[in-house]
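A.B. asks: would you be able to build a 3D model of this:
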Amino acid sequence: MKHSFGILRKRDPDADDQDTVLGIGGTGGNGDDDGEEEQRFSSGRGRRGWIIAATALVVVAAVAATILLTRPPAEAGEEKKAPPTETTAVARGNLTEQVRVTGKLEFKNVRDLGSPLAGTVTGVPAPGTVVGRGYELYRVDDTPVILMFGGLPVWREFAEGMTDGEDIRQLEINLQALGFFDGEPDDEFRWATIEAIKEWQDALGLEDTGRIEMGRIVFSPGEVRVQDAVAKVGSPAGGAVLKVSDSTKEAAVDIDPNLAANAPVGAKVDVRLPDGTVATGTVTAVGAPVERENDNGGKTLKLPITIVLDDPTLAAAFDTVSVSVTLVHLIAEDVLLVPVTALLAQPGGESAVERVVNKKTELVTVELGKFADGMVEIVGGDLAEGDIVAVAK
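C.D. replies: Here you go, the predicted model:
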């Protein structure tokens with residue numbers, strides 16, 4: 001018995017040359033076809049093949065998955081009378097993909113802050129207060145403890161007769177920034193330093209002694225944000241009084257080391273906040289590769305990067321939250337690109353596109369390169385930048 005399968009069509013006697021599709025059918029027999037209903041099998045005109053490429057945007061390398069619906073064999077140069085309704089131009093540019101990773105946005109460098117100034121704590125700022133250079137951190141015996149900028153902590157009082165040191169230069173730089181010191185900062189405690197201190201003390205309502213007792217000022221690398229009070233009003237001073245952090249939120253993200261070239265210091269990235277807002281951020285630091293635990297209980301090498309929002313006010317409503325960060329991964333530079341929806345699968349594993357010329361189409365066999373984000377690199381074939389090709393709807 002022989003079987004054949006196809007689209008079973010039955011002639012409609014009341015219609016002119018019109019086929020009615022009945023379904024998928026088959027014929028069987030012993031070689032005698034007498035009495036059987038006439039059947040006609042139509043191969044139909046070849047349909048456009050299409051390819052869907054899906055790129056997984058995760059911390060690992062993206063994988064392109066393609067599904068091909070092949071069309072019957074066609075010769076290169078084949079023309080159709082009617083041009084397609086959807087077309088695009090062959091482009092030349094960079095092939096990129098978007099890689100999304102999850103990070104944590106929070107205030108960094110949380111630490112306790114205080115001074116050895118003895119007395120009773122009589123005032124603390126509200127949580128969320130940002131304190132800058134020359135401003136009051138808290139009050140002891142109803143007098144202010146002042147923040148100044150610098151990497152060296154206060155380790156002695158500032159007074160006439162003190163030995164030279166970098167902490168003196170640090171103090172003079174701050175007094176100059178606040179408008180009280182006119183000279184060139186150096187490491188010597190001079191008469192000009194004493195006069196500047198007196199003017200500063202007078203502006204604060206303090207006794208203008210020309211000396212700064214141990215603990216009256218606190219040095220910090222920059223402005224601080226108050227998270228909470230460690231010591232409450234009425235508590236003894238002399239130790240930690242505030243819990244503070246840096247004033248700017250940072251997003252800490254781990255990426256695969258092979259993405260390092262796409263996330264250098266200064267690179268722009270997109271940061272999606274919990275409310276759906278997409279904010280632009282800048283990579284401010286890239287650390288050394290470190291091992292992180294993975295889901296399988298093993299270790300994976302990761303590259304830690306730090307990102308700061310270009311507009312911090314967009315995240316003002318959040319404290320410590322998870323965010324999604326999108327990086328652009330460069331795959332190939334200065335290549336011919338077409339959408340994957342322009343591809344036609346051909347017999348023998350070849351691919352082709354339909355080029356539109358003078359309102360007609362011709363089949364052009366092409367050699368494919370890499371896939372990313374719905375685009376494919378063309379590495380071979382009679383195709384040039386600016387050519388118009390058909391794409392599937």
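A.B. asks: shouldn't Ala392 be in contact with Val338?
C.D. replies: No - the criterion here is Cβ atoms under 8 Å, and Ala392 misses it with Val338 at 11.9 Å. For the C-beta atoms, the positions are set from N, CA and C on the backbone; glycine is no exception.
A.B. asks: comparing these two, which shows the higher neighbour count?
C.D. replies: Neighbour count, other Cβ atoms under 10 Å: between Ala392 and Val338, Val338 has more, with 22 against 17.
A.B. asks: work out for me the element the more buried one sits within.
C.D. replies: Using DSSP states H and E, Val338 sits in strand 321-339.
A.B. asks: which neighbours in the sheet does that strand have, and how are they oriented?
C.D. replies: Using DSSP bridges, the strands paired with strand 321-339 are strand 91-107 (antiparallel), strand 268-272 (antiparallel), strand 375-381 (antiparallel).
A.B. asks: quick check, pLDDT for the nearest residue to Ala372 once chain neighbours are set aside.
C.D. replies: Residue nearest to Ala372 in three dimensions, not counting chain neighbours: Glu97, with 3.8 Å by Cβ to Cβ, 6 or more residues apart in numbering. The per-residue pLDDT reported for Glu97 equals 85.
A.B. asks: give me the number of residues near Glu97?
C.D. replies: Using other Cβ under 10 Å as the criterion, Glu97 is surrounded by 22 other residues.
A.B. asks: then the one 3 residues further on?
C.D. replies: Counted with other Cβ under 10 Å, residues neighbouring Arg100 total 14.
A.B. asks: let me know whether it touches His329 as I believe.
C.D. replies: No - Arg100 lies out of contact with His329 (Cβ under 8 Å); the separation is 10.6 Å.
A.B. asks: residue contacts, Leu204?
C.D. replies: 144, 146 (Cβ atoms under 8 Å, 6 or more residues apart in numbering).
A.B. asks: if I look at it, how far off is Glu213?
C.D. replies: Here Leu204 is placed at a distance of 13 Å from Glu213 (Cβ to Cβ, to the nearest Å).
A.B. asks: the closest residue to Asp382 other than its chain neighbours and Ala390, how far apart?
C.D. replies: Leaving aside its chain neighbours, Asp382 sits nearest to Val364 (5.6 Å; criterion: Cβ to Cβ, 6+ apart). Between Val364 and Ala390 the distance, using Cβ to Cβ, works out to 11 Å.
A.B. asks: ok, Ala263 touching Ile305?
C.D. replies: Yes - when contacts are counted by Cβ under 8 Å, Ala263 is listed as touching Ile305 (5.4 Å).
A.B. asks: mutual contacts of these two, please.
C.D. replies: Common neighbours of Ala263 and Ile305 are listed as 255, 283, 286 (criterion: Cβ under 8 Å, 6+ apart).
A.B. asks: so what pLDDT did the first one get?
C.D. replies: Read it as Ile255. Looking at Ile255, its pLDDT stands at 93.
A.B. asks: then the one 5 residues further on?
C.D. replies: Confidence at Ala260, expressed as pLDDT, is 88.
A.B. asks: from Ile331, how far off is it?
C.D. replies: Ala260 sits 15 Å away from Ile331, going by Cβ to Cβ.
A.B. asks: of the two, who's got more company?
C.D. replies: Shown here are Ala260 and Ile331; by other Cβ under 10 Å, Ile331 has more neighbours (19 against 13).
A.B. asks: more crowded one of Ala263 and Ile305?
C.D. replies: Applying other Cβ under 10 Å to Ala263 and Ile305 shows that Ile305 carries more neighbours, namely 26 against 22.
A.B. asks: contact partners for the more buried one?
C.D. replies: Taking Cβ under 8 Å, 6+ apart, we find Ile305 in contact with 252-255, 263, 283, 285-287.
A.B. asks: circling back: show me which residues of the helix or strand harbouring the residue nearest to Asp382 are buried.
C.D. replies: Using DSSP H and E, Val364 sits within strand 360-372. For strand 360-372, a neighbour-count test (16 or more other Cβ atoms under 10 Å) marks 361-366, 368-369, 371-372 as buried.
A.B. asks: ok, and the closest non-adjacent residue to Glu293?
C.D. replies: Using Cβ to Cβ, 6+ apart, the closest residue to Glu293 is Lys299 (6.5 Å).
A.B. asks: hang on, isn't the one you found packed against Glu291?
C.D. replies: Yes - proximity of Lys299 to Glu291 meets the contact threshold set by Cβ under 8 Å, at 4.3 Å.
A.B. asks: next, count neighbours for Thr209.
C.D. replies: Using other Cβ under 10 Å, Thr209 is surrounded by 12 other residues.
A.B. asks: kindly report the same for Ser247.
C.D. replies: Neighbours of Ser247 under the rule other Cβ under 10 Å: 18.
A.B. asks: equivalent analysis for the one 10 residues further on, please.
C.D. replies: The tally of other residues near Pro257 (other Cβ under 10 Å) stands at 11.
A.B. asks: that one: what's it in contact with?
C.D. replies: Pro257 makes contact with 289, 301-303, according to Cβ under 8 Å, 6+ apart.
A.B. asks: hmm, try it at 7 Å
C.D. replies: Counting by Cβ atoms under 7 Å, 6 or more residues apart in numbering, Pro257 touches 289, 301, 303.
A.B. asks: next one: the last one from Leu242, what distance?
C.D. replies: When Cβ to Cβ is the yardstick, Leu303 and Leu242 sit 34 Å from each other.
A.B. asks: which of these two has more neighbours?
C.D. replies: Shown here are Leu303 and Leu242; by other Cβ under 10 Å, Leu242 has more neighbours (25 against 18).
A.B. asks: okay, buried residues for the helix or strand where the more buried one lies please.
C.D. replies: Using DSSP H and E, the element containing Leu242 is strand 240-246. Buried positions in strand 240-246, judged by neighbour count with 16+ other Cβ under 10 Å: 241-246.
A.B. asks: off-centre distance for that strand?
C.D. replies: For strand 240-246, the distance from its own C-alpha centre to the chain's C-alpha centre is 30 Å (Cα atoms, centre = their mean, to the nearest Å).
A.B. asks: biggest separation within the buried residues of strand 360-372, which pair?
C.D. replies: Greatest spatial distance in these: Glu362 and Ala372, 27.3 Å, computed using Cβ to Cβ.
A.B. asks: list phi and psi for Leu204.
C.D. replies: Dihedral angles of Leu204 (phi, psi; degrees, to the nearest 10) stand at phi -90, psi -10.
A.B. asks: sweet, I'm off.
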